[in-house]
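J.: everything below, folded, please.
(4 chains)
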Protein chains: 2
Amino acid sequence: MSANSRLTIAAHALAWIGLYQRQGHEVATSEQIAASANTNPVVIRRLLGELRRAGLVESRRGVGAGWSLARELESMTLLDVYEAVEPGPLFAMHRTTPDQGCVVGHGIQPAMQAIYEGIENTLRHELSLVTLENVLQDVLATPH
Amino acid sequence: MSANSRLTIAAHALAWIGLYQRQGHEVATSEQIAASANTNPVVIRRLLGELRRAGLVESRRGVGAGWSLARELESMTLLDVYEAVEPGPLFAMHRTTPDQGCVVGHGIQPAMQAIYEGIENTLRHELSLVTLENVLQDVLATPH
DNA sequence: GGTTGTCGCAACAGTAATTGTTACGACGGG
DNA sequence: CCCGTCGTAACAATTACTGTTGCGACAACC
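T.: Model prediction:
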């Protein structure tokens, strides 16, 4: 599976902004978050842009600009983040249409679609059980 | 997510071999399976080679060669196939190590690892509930 | 009104995985 | 010996993600 880190980085950014705001700051910059995640600020801005479209964060422009949470961490789940940053389904069908004249080629896609749908629903439910507040608390509980 | 079709194609191949054997044939060739899946025989041979390493199929060489099931479809689950053809984890960590001097950068990977581990276990359990016999029956039940 | 710091976004290169294709040796039954 | 099929290497094509540069837009501050 194409292991991608989008969900991980997005959760990192949200936890970072949340903690920073609790320390009394108004907004966090993409450069600060990028330094913590050890990546490029544009990568962070791209991801946070998707989270903004999903209503999870807000951004200000101009001097002293940056990012802030649009909701409390308690009300955001990993499912919200997953849906914001992961476009496609978990498993794909054939890239080309199977032979419809063959019994298996004809029936395999509906059969697998139904199975995958059930699995994805379970995955989404699992993700919906974890809030970003849970993530931040786990982060803070890590021994140093 | 890099949507890949390896699990789908592998399930297709297994269902095809299983049905073909029930029709009285000894072995199926990669060319026949590739025609049903509308892909290249080498793609099928590569995937079936991984399934053979996992003990799900066997192959014969020489004239009249081909592939046959090593076990009954009832005893194979999608988890067996998934583990045989999907190498990596579902979600990846950062590509570069986060800033260990930052509280979030230090704690985020253990936190997310634990969460992902739970989710992957659930996914594996779901996959283990579906046998290849279930898949074949679903395929045969598709209206034409 | 100019300066400055930050976002917004386009464009492109680098990396990696998957898929498709060709080629050819290995094998084994006839 | 011949022939069909697997086994496998090699390479191109496609796609997705990541990293990077560049520059315009915006808004606070002087």
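
J.: for the rest of this, base every contact and every neighbour count on C-alpha atoms.
T.: OK.

J.: A:S75: what's it in contact with?
T.: Taking C-alpha atoms under 8 Å, 6 or more residues apart in numbering or on different chains, we find A:S75 in contact with A:131-132.

J.: state the pLDDT value of A:N4.
T.: Looking at A:N4, its pLDDT reads 84.

J.: I should have written A:V63 there, sorry.
T.: 88.

J.: is chain B contacted by the helix or strand harbouring A:R124?
T.: When elements are assigned from DSSP states H and E, A:R124 belongs to helix A:103-128. Yes. Using C-alpha under 8 Å from any C-alpha of the partner chain, we find that helix A:103-128 touches chain B at A:103-108, A:110-112, A:119, A:122-123, A:126-127.

J.: kindly report the residues of chain A close to DNA strand D.
T.: Contact residues (C-alpha under 7 Å from any atom of the strand) of chain A with DNA strand D: A:4-6, A:39-43, A:60-64, A:86-87.

J.: what does stretch A:100-117 contact?
T.: For stretch A:100-117, contacts defined as C-alpha under 8 Å, 6+ apart pick out A:90-91, A:93, A:98-99, B:8, B:12, B:15-16, B:36-37, B:135-136, B:138-142, B:144.

J.: next step: the residues you listed restricted to helices.
T.: Counting by DSSP state H, the contacts of stretch A:100-117 place B:8, B:12, B:15-16, B:36-37, B:135-136, B:138-141 in helices.

J.: got any ranges where chain A has weak pLDDT?
T.: Scanning chain A for pLDDT under 70 picks out A:1-3.

J.: could you rerun that using 50?
T.: A:1-2 (pLDDT under 50).

J.: what helix or strand is the spatially most distant residue from the centre of chain A on?
T.: When distances are taken from the C-alpha mean of chain A, A:G101 lies farthest, 40.6 Å away, according to C-alpha atoms, centre = their mean. Here A:G101, judged by DSSP H and E, is contained in no helix and no strand.

J.: OK, contacts around A:V81?
T.: A:7, A:10-11, A:51.

J.: turn the residues of helix A:103-128 next to chain B into a markdown table, columns for neighbour count.
T.: Converted to a markdown table, these look like this (neighbours: other C-alpha atoms under 10 Å in any protein chain shown):
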| residue | neighbour count |
| --- | --- |
| A:V103 | 17 |
| A:V104 | 26 |
| A:G105 | 22 |
| A:H106 | 21 |
| A:G107 | 24 |
| A:I108 | 28 |
| A:P110 | 16 |
| A:A111 | 20 |
| A:M112 | 21 |
| A:I119 | 20 |
| A:T122 | 16 |
| A:L123 | 18 |
| A:E126 | 20 |
| A:L127 | 19 |
